[in-house]
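Peer 1: Structure, please.
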Amino acid sequence: MKKYLKLLLISFLISNGIQAQGLLGKPEVVFTRQDSLRGSITKERAWWDVKRYFLDVKVNPADSTIIGSNTIQYKVLQPYNVMQIDLQTPMEITKITQDGTALKYKREGNAFFITLASAQNTGAIKEIKIFYHGKPKVAVRPPWDGGLTWKKDKNGDNFIASSCQGLGASVWWPNKDHMYDEVEGMKISVNVPGKLTDVSNGRLENVKTLKDGTKTYTWVVKNPINNYGVNINIGDYVTFSEKYKGEKGDLDCTYYVLKDNLAKAKEQFKDVPRMLKAFEHWFGPYPFYEDSYKLVEAPYLGMEHQSCVTYGNGYQNGYLGRDLSGTGWGLKFDFIIVHESGHEWFANNITYKDIADMWIHESFTCYSESLFLEYYYGKEAGGEYVRGIRKNIQNDKPIIGHYDVNNEGSGDMYYKGANMLNTMRQLVNNDEKWRNILRGLNSTFYHQTVTTKQVEDYLSQQVGMNLNPFFNQYLRDIRIPTLEYTFQENTIKYRWTNIVPGFDMPVKVALNGTEVTLNPKADWSEFTNSSKIEKVEINKDFYVFSKNAN
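Peer 2: Sure thing, here's the model as predicted:
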């Protein structure tokens with residue numbers, strides 16, 4: 001009886017778009033107050049809107065430390081006098097000032113609560129300056145394990161980079177470390193040893209040589225930017241550039257690579273204009289013309305830092321030379337250039353408010369790989385690729401994670417998410433309309449943070465179907481819908497099994513080689529063919545299973 005009640009509860013939760021993890025004997029995920037402080041919009045965050053950051057840091061490779069400050073400009077949304085700022089251990093804040101006055105603050109783990117001395121009146125634009133230092137966490141397996149990477153190139157020169165999605169930008173600099181509130185623009189000044197170059201987001205404003213022989217590189221970002229998209233890349237770089245003639249005019253593309261890799265980069269980075277041409281076709285204009293596009297060699301695989309994409313794929317096609325799809329198509333392009341740059345549209349232009357909705361970044365961007373192939377090699381090439389990556393799907397847990405605790409869902413957000421979108425394309429059944437839907441996403445939510453509901457509602461409206469059960473099935477459940485069927489003479493009976501309540505997705509089926517659209521539900525339906533049914537084939541672009549019950 002208890003298990004039956006749990007099943008009823010699960011059905012209710014799923015039908016209302018709520019997760020039901022841990023209800024059938026699976027261990028519950030335990031979250032802490034630190035998770036809540038990191039992942040929720042606390043009272044100490046909600047009352048103010050961040051406007052600009054001025055991050056000014058000195059990077060010391062000799063002892064792997066950072067010292068500097070961050071000036072935060074913000075707008076008061078409602079009066080309050082306690083502000084939450086995030087900076088992760090073992091980094092330390094040494095001083096905080098506002099209007100020339102030192103402020104009191106207390107630390108609770110990775111969160112600092114600052115008591116503001118002056119009145120915080122609604123509508124006021126204020127600034128606070130935070131001084132800090134420390135030895136930031138070293139990334140163990142970047143980019144999946146966040147932090148800083150401190151390496152040497154083959155000539156013995158320092159090769160340093162940040163990567164911090166998930167863990168958070170507060171691993172190396174103090175900020176309002178929640179994705180819902182993107183800064184509208186920022187300035188980044190990075191001081192490094194004189195032989196080295198820093199490459200960060202936006203455009204290079206100036207380079208100053210100091211008396212001690214170090215150099216300070218100042219970069220200006222004119223567009224909204226998410227915190228984890230802010231990065232530093234430090235190395236003995238050489239650079240080359242080109243202009244891409246795009247939908248909004250000339251786009252400056254600049255490349256920074258270790259000097260020994262210049263010749264290889266000039267050949268391999270030809271995938272950049274190819275990528276831009278394909279993705280502007282599918283998704284609309286590159287979202288950050290004002291800040292340019294940069295591709296920067298890094299001491300790890302790569303990451304989608306806004307206008308400053310990092311690259312470590314070894315100057316080879318595929319994913320470190322491998323084809324993730326097993327079809328051969330994955331070796332037609334450099335995976336890191338295409339995938340990480342695809343995030344400029346889905347992650348940097350359209351950004352999740354809560355990392356539980358990380359599928360918005362990864363599902364669309366994983367799917368973009370097949371669209372790149374389709375643009376250059378035809379629709380079947382893209383189809384073969386996206387179907388090929390199904391072998392990587394685990395169906396281990398729901399794609400959507402837990403909200404308000406900085407928790408991402410299953411890694412299936414990549415391969416399963418891409419196949420979910422390819423399935424949706426079959427429902428649209430009009431390639432030009434599908435392209436307009438993708439472009440519409442990027443214009444409708446231009447430079448915005450969004451929720452899954454916003455994306456679901458937009459897609460339902462544009463597709464012309466209630467897609468709530470569809471998303472419940474693929475994002476909030478681990479079962480794959482199975483078309484069970486039986487046929488005799490010229491009649492086929494069919495139904496969906498392994499489905500959430502209300503799932504009634506149409507599906508294309510070939511009967512004796514002639515395609516028809518069936519409309520299965522949980523109960524049996526039947527279709528009468530014009531001739532005796534000899535063979536039933538489910539359209540392979542639908543990510544579903546099938547079962548012949550004959």
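Peer 1: and residue 279, what helix or strand is that in?
Peer 2: helix 271-283 (DSSP states H and E).
Peer 1: and whichever helix or strand comes after that helix, which strands flank it?
Peer 2: Once the chain leaves helix 271-283, the next helix or strand it forms, by DSSP H and E, is strand 293-297. Neighbouring strands of strand 293-297 in its sheet, by DSSP bridges, are strand 249-258 (parallel), strand 309-311 (parallel).
Peer 1: Now do the strands in the stretch 301-450 of the chain.
Peer 2: For the stretch 301-450 of the chain, the strands defined by DSSP state E, counting those that start in this stretch cover 302-303, 309-311, 350-352, 448-450.
Peer 1: do you know how far residue 232 is from residue 343?
Peer 2: When Cβ to Cβ, to the nearest Å is the yardstick, residue 232 and residue 343 sit 18 Å from each other. (Each C-beta comes from the backbone N, C-alpha and C, glycine too.)
Peer 1: Put the alpha carbons of stretch 191-208 into CSV.
Peer 2: Taking Å, rounded to 0.1, in the frame of the first residue of the first chain, the C-alpha atoms of stretch 191-208 are listed here in CSV:
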residue,chain,number,x,y,z
ASN,A,191,48.2,42.4,-13.6
VAL,A,192,50.7,39.7,-14.7
PRO,A,193,54.5,39.2,-15.0
GLY,A,194,55.8,41.2,-17.9
LYS,A,195,56.5,38.4,-20.3
LEU,A,196,53.0,37.1,-20.1
THR,A,197,49.7,38.2,-21.6
ASP,A,198,46.2,38.2,-20.0
VAL,A,199,43.2,37.6,-22.2
SER,A,200,39.8,38.2,-20.6
ASN,A,201,36.3,39.0,-21.8
GLY,A,202,35.3,41.9,-24.1
ARG,A,203,37.7,44.2,-25.8
LEU,A,204,41.2,45.2,-24.8
GLU,A,205,41.1,48.8,-23.6
ASN,A,206,44.8,49.3,-22.7
VAL,A,207,48.0,47.6,-21.6
LYS,A,208,50.2,49.4,-19.0
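Peer 1: Just the buried residues of it, please?
Peer 2: Along stretch 191-208, these residues count as buried under the neighbour rule (16 or more other Cβ atoms under 10 Å): 191, 192, 193, 196, 197, 198, 199, 200, 201, 202, 203, 204.
Peer 1: the helices in this protein, which residues?
Peer 2: Counting by DSSP state H, the chain forms helices over residues 2-15, 33-39, 43-46, 262-268, 271-283, 335-342, 359-377, 379-388, 415-428, 431-444, 452-463, 468-475, given from the N-terminal end onward.
Peer 1: Only the buried residues of the second one, if you could.
Peer 2: In terms of neighbour count (16+ other Cβ under 10 Å), helix 33-39 has its buried residues at 35, 37, 38, 39.
Peer 1: Quick check: which ranges of the chain have low pLDDT?
Peer 2: Scanning the chain for pLDDT under 70 picks out 1-28.
Peer 1: Next one: the residue nearest the centre of it from residue 530, what distance?
Peer 2: Nearest to the geometric centre of the chain sits residue 361, at 3.2 Å (Cα atoms, centre = their mean). The spacing between residue 361 and residue 530, counted by Cβ to Cβ, is 46 Å.
Peer 1: Can you name the residues that contact residue 301?
Peer 2: Residues in contact with residue 301, defined by Cβ atoms under 8 Å, 6 or more residues apart in numbering, are 142, 143, 312, 313, 320, 336.
Peer 1: Kindly report the same for residue 167.
Peer 2: For residue 167, the residues meeting the contact criterion (Cβ under 8 Å, 6+ apart) are 88, 137, 145, 146, 147.
Peer 1: mind listing what the residue lying farthest from the centre of the chain touches?
Peer 2: Distance from the C-alpha centroid of the chain peaks at residue 489, with 49.8 Å (Cα atoms, centre = their mean). Residue 489 sits next to 532, 533 when contact means Cβ under 8 Å, 6+ apart.
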